[in-house]
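**Student:** Below are the sequence and a predicted model; questions follow.
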Amino acid sequence: MFVNASKARFRRIGLLTLLSGLLCVTAYAQSDFVDSLDVPRLEEEIGQMLMVGIRGTNLNAKVMEQTRQQVIEGDIGGIIFFKHNIKNSRQFRIFVKSIASLPVAVPLFLAVDEEGGQVRRLRKSQGFKEFPSAAYVGANLNDSKACDVYSNMAIQIHKTGLNLNLGPVVDVNINRASPAIGQLNRSFSRDPGKVFKLGQIFIRAHQKAGVLTTLKHYPGHGSSREDTHNELTDITHTWRNSEQLPFRRLIDSAEVDLIMAGHLFDQNVDLKYPASISHSHIQETLREKLGYQGVVITDDLQMGAIIKRYPLDEIIISAINAGCDILQFSDPMNLSQDLPAHVRQVVISAINKGEINPERIHQSYQRIMNLKQQLPMNSDKTSG
């Protein structure tokens, strides 16, 4: 169950949504909707669609004052942690537990990128156990040993108080020289069937530990020649159908919690936008063709591949219209602390102008709420 609501309007929104169980699908003429716009409800729902990085290492730090208030007010629905948030294992567990203990209506997603190998946040020097890369697991370990690796990883994440891992990477290692995947040993294999199998092992191990997982990077980053952290990554001439197989088979297995949309540009699918903000990629292909109805999270919307190419407001509106549910802004050093207010303003304005159908916000909110019902812990159960 969720913790007690901090505000009456939080309780009202959460109760109405959970009791209904289904979204209202009544179509409104735009003028009629604007006249009856339930702004408080929309603001709460938009808040759940935001995941942000934060600057502090303890809840009482001055840099955490505004973040703490945003959490309590429901302005953000998730936090992603990085190495600058971690001094040592004890400090980090206390930090995460203190955030999870804040009086909120809906529990936060408390996330980390913990893939193993070079992409890890919980390091040996800080008192954590480290795990091998996906490439090592794929090349050297049988299924049983792989399960042991990811079970131990998931248990450590859970004990730290986190509830969401932004992994596994299910990109197929098409281009071993890919600067974002192949060169960093982030892919299990060149064989899409093996990628599926090990991705499934990763997911099931985390499920047993009570940690949600995220498939990435849809529609497939393994054939890329560029790194989306720095520049536009065009997969128009490199992407192969085999890269879709791990996503499709894992979706069919009904074991997927979230899927991350990558900033991957394919002119064969969308001439204007990368997958992360593309209706053709997310709604038409991922949801309608592949049948995925769960939560979609964007890759960091501050990455060079996207923020250098599109204005922030266009990114926000396009991501929502694409069918994405969680907008991720993970770099707090380049992040305005007023971002939640700005996103709310952009979205409400776009709804008033007819640029966003309010039903899209309700859909995302429902998906997020359904997923958060699966969270096995709240502030009273977080491990210390």
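**Tutor:** Now that the structure is in, tell me what you want to look at.
**Student:** From here on, just use CA atoms for contacts and neighbour counts.
**Tutor:** OK.
**Student:** residue ranges for the helices of the stretch 201-350 of the chain, please.
**Tutor:** 245-252, 279, 304-307, 312-322, 339-352 (DSSP state H, counting those that start in this stretch).
**Student:** Can you list the helices and strands that the shortest one packs against?
**Tutor:** To tie it back to what came earlier, the one meant is helix 279. Where contact means 3 or more Cα pairs under 8 Å, 6 or more residues apart in numbering; DSSP states H and E, helix 279 is packed against helix 312-322.
**Student:** Distance of Ser253 relative to Phe196?
**Tutor:** 10 Å (Cα to Cα, to the nearest Å).
**Student:** got it, and Asp148?
**Tutor:** For Asp148, the distance to Phe196 - Cα to Cα - is 17 Å.
**Student:** And for Met153?
**Tutor:** On the measure of Cα to Cα, Met153 and Phe196 end up 19 Å apart.
**Student:** now Leu164
**Tutor:** Distance from Leu164 to Phe196, by Cα to Cα: 20 Å.
**Student:** between those two, which one's more packed in?
**Tutor:** Leu164 (28 against 22; other Cα atoms under 10 Å).
**Student:** What values do phi and psi take at that one?
**Tutor:** phi -150, psi 130 (degrees, to the nearest 10).
**Student:** going forward can the numbers begin at 31, since that is how I track them
**Tutor:** From this message on, residue numbering opens at 31, which makes the last subject Leu194.
**Student:** hang on, isn't it packed against Ala141?
**Tutor:** Yes: taking Cα atoms under 8 Å as the definition, Leu194 is a contact partner of Ala141 at 4.5 Å.
**Student:** Name whatever forms a beta bridge with the spatially most central residue of the chain.
**Tutor:** Nearest residue to the geometric centre of the chain (Cα atoms, centre = their mean): Ile327, 3.9 Å. For Ile327, the beta-bridge partners under DSSP bridges are Met290, Ile356.
**Student:** how about it, what does it touch?
**Tutor:** Leu288, Ile289, Met290, Ala291, Cys354, Asp355, Ile356, Leu357, Gln358 (Cα atoms under 8 Å, 6 or more residues apart in numbering).
**Student:** Please repeat the previous calculation with a cut-off of 6 Å.
**Tutor:** Contacts for Ile327 (Cα atoms under 6 Å, 6 or more residues apart in numbering) come out as Met290, Cys354, Asp355, Ile356.
**Student:** so the second one sits right up against Gln323, yeah?
**Tutor:** No: under the criterion of Cα atoms under 6 Å, Cys354 makes no contact with Gln323, lying 10.9 Å away.
**Student:** Comparing those two, which residue is more hemmed in?
**Tutor:** Looking at Cys354 and Gln323 with other Cα under 10 Å, you find the greater number of neighbours at Cys354, namely 29 against 14.
**Student:** Please consider this matter closed, and thank you.
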